[in-house]
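[1] sharing a model that was predicted from the sequence below.
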Amino acid sequence: MGEVDPAFIQALEHRPKPETITAEGIPLIDLSPLIISPDQSDNNPNSPLLSALAAEIGVACKDWGFFQVINHGVPSHTRRKIESVSRKFFSLPKHEKKRVSRDESNPTGYYDTEHTKNVRDWKEVFDFTVNEPTFIPASHEPGDNRLKEMINQWPENPPEFRDVCKEYAEEMEKLAYKLLQLIALSLGLEKDRFAEFFEKQTTFVRLNYYPPCPIPNLALGVGRHKDAGALTILGQDNVGGLQVKRKTDGEWVLVKPTPDAYIINVGDIIQVWSNDEYESVEHRVKVNSENERFSIPFFFNPGHDITVKPLEELVNERNPAKYNAYNWGKFFTARKRSNYKKLDVENIQIYHFKN
């Protein structure tokens, strides 16, 4: 990335501390009951296996907003393949990667100047949508009803890139729906309560590359943020760098990589649907001066036309709705604006819709 641009420098209060606290107690949940006996567990929401898993996930969502899953059914070779093509792609010359550059008009493809909270991130990314076509609002303006298609841009190299990415996305989608069912059950809802919201999903996958950083005490791979969507499934390499803001004391703690596990976090949408029963937790990515790092988040998002609001089953006189309704597509489009440039105001957040 050449000489260090001041745009990377975090404000003093947001700079990472030299010492790192490793998180203790982030739940590690074994999903093998879903994989080994899917007929028994999937089709009977009252089965002890499913009830126990849902209860585990409920505690994790409440206490942490994050958890890890193992024995999740995603073939290890599928993950190895996408990790391999990600490394190959990011090792290409910059001019070749920029042939598939994304921009404000089409937010899929390669990008290397993303901002979080108006500070530039120390990373390169490649985004692609799961559904083709995927539609989002043409602008964040309330009166503009036009839609635009997010068109995937696939690089020529490596030649297997597109097929490998599509295969991985299919496996992630299967896992996401299983997790969504367990989260619904943990809230006392029907297991398929959320399914209808994802018929026109705006889900996308991101390949992240964090080069070694000469100023790891001043910059971040990704600045502090909460995920705007419903659910994030993260595959990270063994270098590590993801930090979570611990609820109990506000300390930033490192999520140590677990081989073949995925890290799951609930996003803002589940916080709103659950009426604050579950909370989307702030997280960030720390960089280092020696090792490059790769990660692959899958952002599970509903359709652009979905109105997000607390679910009626979870609202009553004693627990009234804590949020006003908002349109996901407009919210998504507004959030994307700040990825490209420094804004004069804070980007849109769910607390703007708090009652």
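    All right, it came through fine.

[2] which parts of the stretch 151-300 of the chain are strands?
    204-210, 222-225, 231-236, 242-245, 252-254, 262-266, 283-285, 293-300 (DSSP state E, counting those that start in this stretch).

[3] how about CSV for those, with distance to residue 151 and mean pLDDT added?
    For every residue, glycine as well, the C-beta is placed using N, CA and C. Shown next, in CSV, are those (distance: least, Cβ to Cβ, whole Å; pLDDT from 0 to 100):
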stretch, distance to residue 151, mean pLDDT
strand 204-210, 12, 98
strand 222-225, 25, 95
strand 231-236, 23, 97
strand 242-245, 30, 94
strand 252-254, 37, 94
strand 262-266, 28, 97
strand 283-285, 28, 97
strand 293-300, 18, 98
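
[4] longest helix of the chain?
    Scanning the chain for the helix with the most residues, using DSSP state H, yields helix 161-186.

[5] low-confidence ranges, the stretch 51-200 of the chain, go.
    Counting by pLDDT under 70, not a single residue of the stretch 51-200 of the chain qualifies.

[6] how are the helices of it distributed by residue range?
    Per DSSP state H, counting those that start in this stretch, the stretch 51-200 of the chain carries helices over the ranges 76-90, 94-97, 161-186.

[7] the second one - contacts with which helices or strands?
    Okay, so that is helix 94-97. With contacts taken as 3 or more Cβ pairs under 8 Å, 6 or more residues apart in numbering; DSSP states H and E, helix 94-97 sits against no other helix or strand.

[8] what is the burial count for residue 168?
    For residue 168, the count of nearby residues is 25 (other Cβ atoms under 10 Å).

[9] what sits closest to it if chain neighbours are left out?
    Closest residue to residue 168 apart from its sequence neighbours, by Cβ to Cβ, 6 or more residues apart in numbering: residue 82 at 4.3 Å.

[10] is it true that that neighbour touches residue 169?
    No - Residue 82 lies out of contact with residue 169 (Cβ atoms under 8 Å); the separation is 9.0 Å.

[11] more neighbours: those two, which one.
    More crowded of residue 82 and residue 169, by other Cβ under 10 Å: residue 82, with 23 against 20.

[12] and that one, what is it in contact with?
    By Cβ atoms under 8 Å, 6 or more residues apart in numbering, the contact set of residue 82 is 164-165, 167-168, 207, 296.

[13] same list (the strands of the stretch 151-300 of the chain) but as CSV, adding distance to residue 187.
    Formatted as CSV, the strands of the stretch 151-300 of the chain follow (distance: least, Cβ to Cβ, whole Å):
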stretch, distance to residue 187
strand 204-210, 25
strand 222-225, 24
strand 231-236, 13
strand 242-245, 22
strand 252-254, 26
strand 262-266, 11
strand 283-285, 22
strand 293-300, 17
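
[14] look at the spatially closest residue to residue 72 that is not a sequence neighbour and say how many residues are nearby.
    Distances taken as Cβ to Cβ, 6+ apart place residue 31 nearest to residue 72, at 4.9 Å, with adjacent residues excluded. By other Cβ under 10 Å, 22 other residues sit near residue 31.

[15] work out which residue lies at the spatial centre of the protein.
    When Cα atoms, centre = their mean is applied to the chain, the residue found nearest the centroid is residue 232 (3.5 Å).

[16] can you name the residues bridging to that residue?
    Beta-bridge pairing of residue 232 under DSSP bridges involves residue 265, residue 299.

[17] how near is it to residue 189?
    20 Å (Cβ to Cβ, to the nearest Å).

[18] over to residue 297?
    To residue 189, residue 297 is 25 Å away according to Cβ to Cβ.

[19] where does the prediction get shaky in the stretch 201-350 of the chain?
    Ranges of the stretch 201-350 of the chain meeting pLDDT under 70: 338-346.

[20] go with 80
    Scanning the stretch 201-350 of the chain for pLDDT under 80 picks out the ranges 336-347.

[21] ranges for the helices of it?
    Counting by DSSP H, counting those that start in this stretch, the helices of the stretch 201-350 of the chain are 268-273, 328-337.

[22] which residues touch residue 58?
    183, 186-187.

[23] could you rerun that using 10 Å?
    Counting by Cβ atoms under 10 Å, 6 or more residues apart in numbering, residue 58 touches 182-183, 185-188, 277-278.

[24] which pair of the residues you listed spans the longest distance?
    Across the contacts of residue 58, the longest distance by Cβ to Cβ is 14.5 Å; it joins 182 and 277.

[25] next one: the closest residue to residue 23 other than its chain neighbours from residue 156, what distance?
    What sits nearest to residue 23 in space, not counting adjacent residues and going by Cβ to Cβ, 6+ apart, is residue 253, at 3.9 Å. According to Cβ to Cβ, residue 253 stands 41 Å off from residue 156.

[26] so which of these two has more stuff around it?
    A direct count of neighbours by other Cβ under 10 Å for residue 253 and residue 156 places residue 253 higher, at 19 against 11.

[27] one step back: looking at the strands of the stretch 151-300 of the chain, spot the one closest to residue 145.
    Relative to residue 145, the nearest member of the strands of the stretch 151-300 of the chain by Cβ to Cβ is strand 204-210, separated by 22.5 Å.

[28] cheers, nothing more for now.
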